[in-house]
Every structure is written in structure tokens, then in C-alpha cells.
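Asker: no sequence on hand, only this structure:
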């Protein structure tokens, strides 16, 4: 956990590490912080949005605590008592970090807020709601930038659990089916879909190994390859 008393930003500038904008010279610099705060308006709004999203993200992540057997790599064994379901360490860690970080920043807000508010319960929904109500106090802390960054990181980690990013598609060329001009692609890294069906074009044609070879030869013999 970061030191809540330090800041690495110049006076008057937003202290969040994700706060950067392109200046006229092309250099990167931070936006000015709001009056009485350590965050700019954009980062303060992002902080509130992350806090509002955390309770639902944390609740949805509970459904991803148990890994599917195929993802965990467990063999199927017949005639035996089923093994305990595999648990996602990534989901466990993300959920744990959410509670710990929210509780940490809520404790600092309790020390600074006047008049002193009632302490929230140690649940994600209660902690996030508490910090949302006192976001102005949080944004004025010396380590407000660190708070915004940690809460953003926490929300991102939960989003990856709930909705993992799809792998980038690598274009392979035009479909070899007669009359089809759709782009053929496959994931940038292998997945079950690639193993089971092979590459597919945007129109839905699944290429056979022979068609895949034909596509590869077509690319090798393209004019671009010859003139490169």
C-alpha cells in the first residue's frame, strides 16, 4: 500500500499518474488540479465513476471464482468421487484487494472528514458508497493521486475477471470461398475456438486446412510480396 502522505507531482498539478494530456509542443504534462484538491476535474470524475462501478463488479466477480474444469486443466476421471472445484486465484486476489484498498482509503477519509462521519461496514458496497459520498475529502488528501490510481487499478482488475478482453485478431487475407470477399482472421494467441474450428472469415466461412494452405499461398504470391 502506498504512503498516504507523499506526492510526486508539482504543486498545483493533478497527482494521478494516469492524468496526462498532449500539450502544443507534443510533450506530456498533467492537468491542473481543482481548487482545494489534488486531482483535476477529469480524474475526479473518473474516481467517482470507478467507485460507483465497484460494487457491481465485485458482485459479478463472485461467479468467476470457480474455474471450468477445462480451463483448470483437470482430467476427467470416471468412477471416482468428484474433486473439489478449482478456484481462480486471480479472482480471489482481485476481490481481496478491492476490500483492502477501499478500507485503507476509507480509514484515511475518516481521519480527515469534518464533522467525523460514521464508519462504514467492511463491505465493498458500503466502503465504495462511503468514499463516493466523501470523494471531495479523498481528492484533497496528499496521496489523492495514489488513491485514484489504486481504485482505478482495482476496478480494471475486476473488469478483467468479469469480462476478459478478447484476443486481438490477426488478418490473414480475403476468404477463398467463391464469391466471398470477407476478411479471414484468427486470434493473436491460440484459444479453444481456433483449435476446434480453425480460422473463419467475417461472413462465417470456416476454412479447412486445405483452404488455409491455399490462402497462405495466395498471400505469398500477392503483388505486394513480389514488390517488397
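Answerer: That came through, no problem. In this text the structure is predicted, and so the values were computed from the model without any measurement.
Asker: now do residue 186 against residue 176, distance only.
Answerer: According to Cβ to Cβ, to the nearest Å, residue 186 and residue 176 sit 14 Å apart. Placement of C-beta: from N, CA and C, glycine included.
Asker: can you tell me the helix or strand for the residue most central in space within the chain?
Answerer: Centroid-nearest residue in the chain, with Cα atoms, centre = their mean: residue 156, separated by 3.4 Å. Secondary structure assigned from DSSP states H and E places residue 156 in helix 144-162.
Asker: by contact count, what packs against the very next helix or strand once past that helix?
Answerer: The C-terminal neighbour of helix 144-162 among helices and strands, as given by DSSP H and E, is strand 169-174. Helices and strands touching strand 169-174, by 3 or more Cβ pairs under 8 Å, 6 or more residues apart in numbering; DSSP states H and E, are strand 183-187, helix 209-220.
Asker: pick the most deeply packed of those.
Answerer: Across these, averaging neighbours per residue (mean count of other Cβ atoms under 10 Å) puts strand 183-187 on top, at a mean of 18.
Asker: quick one, that one and strand 169-174 angle?
Answerer: With axes from the mean of the first three to the mean of the last three Cα atoms, to 10 degrees defining the directions, strand 183-187 sits at 150 degrees from strand 169-174.
Asker: so for strand 183-187, mean pLDDT?
Answerer: Throughout strand 183-187, pLDDT has a mean value of 74.
Asker: paired strands for that strand, with orientation please.
Answerer: strand 169-174 (antiparallel), strand 200-201 (antiparallel) (DSSP bridges).
Asker: how about those strands, which one is nearest residue 44?
Answerer: Proximity to residue 44, assessed across the strands paired with strand 183-187 by Cβ to Cβ, is greatest for strand 169-174 (36.2 Å).
Asker: which parts of that closest one are buried?
Answerer: residue 172 (16 or more other Cβ atoms under 10 Å).
Asker: what comes up buried for the biggest helix by length in the chain?
Answerer: In the chain, taking DSSP state H as the definition, the longest helix is helix 89-112. Buried residues in helix 89-112, counted by 16+ other Cβ under 10 Å: 90-91, 94-95, 98, 101-102, 105-106, 108-110.
Asker: how many other residues sit next to residue 15?
Answerer: Residue 15: 27 surrounding residues under other Cβ atoms under 10 Å.
Asker: spatially nearest residue to it, not counting backbone neighbours?
Answerer: residue 145 (2.8 Å; Cβ to Cβ, 6 or more residues apart in numbering).
Asker: ok, now residue 135?
Answerer: What sits nearest to residue 135 in space, not counting adjacent residues and going by Cβ to Cβ, 6+ apart, is residue 48, at 5.3 Å.
Asker: likewise residue 55?
Answerer: Counting by Cβ to Cβ, 6+ apart, the nearest residue to residue 55 once its immediate chain neighbours are dropped is residue 125, at 4.2 Å.
Asker: so that neighbour is in which element?
Answerer: helix 124-133.
Asker: how's the chain carved up into domains?
Answerer: The chain breaks down by automatic domain parsing into domains covering 21-70+85-162, 169-227.
Asker: quick one, which of those domains gets closest to residue 15.
Answerer: Comparing the domains of the chain by their distance to residue 15 (Cβ to Cβ), the top pick is domain 21-70+85-162, with 2.8 Å.
Asker: report pLDDT for the closest residue to residue 110 other than its chain neighbours.
Answerer: Closest residue in space to residue 110, ignoring its immediate chain neighbours: residue 119 at 5.9 Å, by Cβ to Cβ, 6+ apart. For residue 119, the pLDDT comes out at 95.
Asker: how about residue 223?
Answerer: 55.
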